[in-house]
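# Build the 3D model from these lines:
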Amino acid sequence: MQTLRPTFLLLWICFVLQPLGMHAHSLMKDDTNSLGIFEGHQDVGSVLHSGSAEYTAQQHSYTLVGSGENMWFGTDAFQFAWKKISGDATLTADIAFPTSGGNEHRKAVLILRQSLDPDSVYADVALHGNGLASMQFRDGKGAVTREIQSNISAPKRLSIAKRGDYVYMALSGDGGEPQPAGGWLRIPLEGSFYIGIGVCSHDKDVTEKAVFSNVELTQSGAPQGEPKLFSTLETVEIPSFDRRVVYLSQSHFEAPNWTRDGSAFIFNRDGHIERLPMSGGNPQTIDTGFANSCNNDHGISPDSSQLAISDSSQIDQKSRVYVVPIGGGTPRRVTENSPSYWHGWSPDGKTLAFVGQRNGDFDIYTISPAGGAEIRLTTAKGLDDGPEYSPDGKYIYFNSERTGHMQIWRMNADGSDQQQVFSDESNNWFPHISPDGKWMAFVTYEPDVSGHPGNKNVMLRLMSVDDKKITVLAKLFGGQGTMNVPSWSPDSKRLAFVSYMLVPQEK
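Numbers count the residues shown, from 1 in each chain. Purely as a prediction, here's the structure:
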């Protein structure tokens with residue numbers, strides 16, 4: 001048999017693989033030093049124009065050229081320079097597009113990827129052509145890509161970090177050391193995986209160039225000491241499910257209310273109530289007088305003039321419900337008995353719904369904002385919690401463990417006709433009905449979780465009130481403090497919540 005010449009063999013490989021959207025260089029690793037810290041490069045997915053990767057040792061920089069229609073939905077198409085590793089790692093780089101113009105959604109990414117398949121599980125930190133920085137991720141093979149958009153525009157230096165099962169992004173606007181900027185997502189990367197840099201033109205007919213400078217790849221050892229806690233106020237859009245960071249702090253805060261004019265958020269931190277403009281910035285503390293031990297059960301009156309708070313600053317340290325002017329002032333006590341935790345305000349402003357522990361049982365009660373007698377609405381054994389009125393005032397939605405684990409229920413506003421809304425194996429908490437009455441959002445814990453603790457892997461889920469179809473809004477690290485109280489935007493298009501990060505301290 002005649003031996004094939006190398007040139008002919010290479011042409012034959014290109015001819016066979018080109019229809020599959022692959023290229024000859026996709027199969028070949030570059031020489032040891034040609035790509036610096038990376039082992040190889042290739043086009044992932046189907047592209048019309050072959051990409052390239054060049055390394056400049058003097059600047060420790062990489063120039064990637066790539067095509068590709070998108071890195072989104074269930075498949076990706078982009079140029080990828082990679083190294084295969086396992087364990088914890090951090091990849092950091094200055095990223096820039098050297099030419100102006102192009103598609104505003106073009107992407108230069110730092111990426112972790114289970115495989116080189118177009119539909120692989122992955123997480124990346126992406127800088128877009130319009131300056132948007134976001135964490136994108138696909139948490140199942142072939143699953144739909146989701147993202148968390150940063151509140152930092154056009155960062156100079158970006159980082160992606162993997163710690164155990166979790167991935168997060170860090171950014172720097174001025175080129176300094178990147179700081180945590182959101183994420184802490186559980187991404188199922190198993191065994192060895194690919195880490196590297198990539199570029200996608202977001203236009204299948206053209207190529208795009210991106211430069212990655214001062215690239216650093218570090219693999220982490222065992223963490224030292226207690227992890228650092230970060231809290232992130234996020235919003236998620238309906239129906240795109242896009243998430244956006246509004247405010248992040250190395251502190252613990254909880255339970256955002258969205259003001260009824262849509263201009264700000266209200267949340268609790270360190271026993272105080274704070275107000276944050278929707279555009280971000282620095283929150284301001286609302287004066288609540290002696291009530292300096294406020295918990296995460298608070299909310300705004302229908303006319304936006306008052307704020308209901310739950311505070312345990314009194315000598316017995318049991319929570320009571322108070323009302324205070326929305327701009328701050330002296331609290332006025334509503335509930336005589338304790339502990340009591342506010343959760344809902346009737347649309348006509350005449351009634352508060354709250355949870356009270358009486359004789360060892362947690363049940364749902366109502367009371368006038370002016371105080372007076374409380375009315376007990378539930379008597380079933382087991383915890384009843386999270387009462388919230390429907391926008392028309394006809395119903396109160398709540399969660400109850402009367403069937404053995406926590407499920408969502410609904411009753412008439414007077415407590416009659418208590419019915420389970422749906423049933424599944426998860427533990428579901430804190431139903432919130434959108435202002436237009438079309439949606440119910442709620443927090444879902446895994447089946448083996450008791451109560452509503454913090455620092456758990458949870459989901460925010462969305463149910464259509466009409467047909468009871470349920471979808472996953474977001475997966476996150478949180479639970480207690482994530483979405484205890486009403487947090488819909490006034491136009492029913494977005495939901496506010498808090499996610500958490502536990503970033504290990506390094507050696």
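# quick one: low-confidence parts of the stretch 351-500 of the chain?
By pLDDT under 70, the stretch 351-500 of the chain has no low-scoring segment.
# residue ranges of the strands in it, please?
352-358, 361-367, 375-376, 384-389, 395-400, 407-412, 419-420, 427-433, 439-445, 456-464, 470-478, 494-503 (DSSP state E, counting those that start in this stretch).
# Pairing partners for the third one, with directions?
Here strand 375-376 is paired, per DSSP bridges, with strand 361-367 (antiparallel).
# Residue 68 is in contact with residue 50, isn't it?
No: taking contacts as Cβ atoms under 8 Å, residue 68 lies outside contact range of residue 50: 11.1 Å. The C-beta positions use only the backbone N, C-alpha and C, and glycine is treated the same way.
# Redo the strands of the stretch 351-500 of the chain as JSON lines? Include mean neighbour count and distance to residue 299.
Shown next, in JSON lines, are the strands of the stretch 351-500 of the chain (neighbours: other Cβ atoms under 10 Å; distance: least, Cβ to Cβ, whole Å):
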{"stretch": "strand 352-358", "mean neighbour count": "22", "distance to residue 299": "9"}
{"stretch": "strand 361-367", "mean neighbour count": "21", "distance to residue 299": "14"}
{"stretch": "strand 375-376", "mean neighbour count": "14", "distance to residue 299": "19"}
{"stretch": "strand 384-389", "mean neighbour count": "25", "distance to residue 299": "9"}
{"stretch": "strand 395-400", "mean neighbour count": "24", "distance to residue 299": "14"}
{"stretch": "strand 407-412", "mean neighbour count": "20", "distance to residue 299": "19"}
{"stretch": "strand 419-420", "mean neighbour count": "10", "distance to residue 299": "24"}
{"stretch": "strand 427-433", "mean neighbour count": "24", "distance to residue 299": "11"}
{"stretch": "strand 439-445", "mean neighbour count": "23", "distance to residue 299": "15"}
{"stretch": "strand 456-464", "mean neighbour count": "20", "distance to residue 299": "18"}
{"stretch": "strand 470-478", "mean neighbour count": "20", "distance to residue 299": "19"}
{"stretch": "strand 494-503", "mean neighbour count": "23", "distance to residue 299": "13"}
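# With distance to residue 98 added, can I get those in JSON lines?
Shown next, in JSON lines, are these (distance: least, Cβ to Cβ, whole Å):
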{"stretch": "strand 352-358", "distance to residue 98": "58"}
{"stretch": "strand 361-367", "distance to residue 98": "61"}
{"stretch": "strand 375-376", "distance to residue 98": "68"}
{"stretch": "strand 384-389", "distance to residue 98": "52"}
{"stretch": "strand 395-400", "distance to residue 98": "54"}
{"stretch": "strand 407-412", "distance to residue 98": "53"}
{"stretch": "strand 419-420", "distance to residue 98": "59"}
{"stretch": "strand 427-433", "distance to residue 98": "46"}
{"stretch": "strand 439-445", "distance to residue 98": "43"}
{"stretch": "strand 456-464", "distance to residue 98": "39"}
{"stretch": "strand 470-478", "distance to residue 98": "35"}
{"stretch": "strand 494-503", "distance to residue 98": "33"}
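# Need the residues touching each of residue 68 and residue 50.
Common contacts of residue 68 and residue 50, defined by Cβ atoms under 8 Å, 6 or more residues apart in numbering, comprise residue 43.
# Same drill for these two, tell me which one is more crowded.
residue 68 (32 against 19; other Cβ atoms under 10 Å).
# Kindly list the longest strand within the chain.
When the chain is parsed with DSSP state E, its longest strand is strand 208-219.
# Could you pull out the buried residues of the helix or strand just after that one?
Where DSSP states H and E defines the elements, the next helix or strand beyond strand 208-219 is strand 228-237. Neighbour-count burial for strand 228-237, with 16 or more other Cβ atoms under 10 Å as criterion, is recorded at 230-236.
# Between those residues, which sits nearest residue 369?
Looking at the buried residues of strand 228-237 and their distance to residue 369, the nearest is residue 233, at 27.3 Å (Cβ to Cβ).
# How about the contacts made by residue 169?
Neighbours of residue 169 in contact, by Cβ under 8 Å, 6+ apart: 125, 133, 135, 148, 150, 158-161, 180-183.
# which SS class is it?
strand (DSSP: H, G, I helix; E, B strand; the rest coil).
# residue ranges for the strands of the stretch 151-300 of the chain, please.
Taking DSSP E, counting those that start in this stretch to define them, one finds strands in the stretch 151-300 of the chain at 157-163, 166-172, 179-186, 193-200, 208-219, 228-237, 243-249, 253-258, 264-269, 272-277, 284-286, 299-300.
# Off-centre distance for the helix or strand hosting residue 109?
Using DSSP H and E, the element containing residue 109 is strand 107-113. Distance of strand 107-113 from the chain centroid (Cα atoms, centre = their mean, to the nearest Å) equals 18 Å.
# List the pairing partners of it within its sheet, with orientation.
The pairing partners recorded for strand 107-113 under DSSP bridges are strand 122-128 (antiparallel), strand 193-200 (antiparallel).
# now the angle from the longest one to strand 208-219?
Direction vectors for strand 193-200 and strand 208-219, defined by axes from the mean of the first three to the mean of the last three Cα atoms, to 10 degrees, enclose an angle of 160 degrees.
# Mind checking the pLDDT average for strand 193-200?
For strand 193-200, mean pLDDT rounds to 98.
# Give me the angle between that strand and strand 157-163.
If you take the same axes, to 10 degrees, strand 193-200 sits at 150 degrees to strand 157-163.
# How about the shortest one?
Inter-element angle recorded for strand 122-128 and strand 157-163: 170 degrees (by the same axes, to 10 degrees).
# Output stretch 194-214 as CSV, nothing but the C-alphas.
The C-alpha coordinates for stretch 194-214 follow below in CSV (Å, rounded to 0.1, in the frame of the first residue of the first chain):
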residue,chain,number,x,y,z
TYR,A,194,-10.7,23.1,30.4
ILE,A,195,-9.8,26.6,31.5
GLY,A,196,-8.8,29.3,29.1
ILE,A,197,-9.6,32.4,27.1
GLY,A,198,-12.0,32.8,24.1
VAL,A,199,-13.5,35.2,21.7
CYS,A,200,-16.8,35.2,19.8
SER,A,201,-17.8,37.7,17.1
HIS,A,202,-21.5,37.3,17.7
ASP,A,203,-21.8,37.6,13.9
LYS,A,204,-21.1,34.4,12.0
ASP,A,205,-20.0,36.2,8.9
VAL,A,206,-17.1,38.1,10.4
THR,A,207,-14.1,37.6,12.8
GLU,A,208,-13.4,39.6,15.9
LYS,A,209,-10.1,40.2,17.7
ALA,A,210,-9.5,40.4,21.5
VAL,A,211,-6.3,40.9,23.4
PHE,A,212,-5.7,39.3,26.8
SER,A,213,-2.8,40.9,28.7
ASN,A,214,-1.1,40.1,32.1
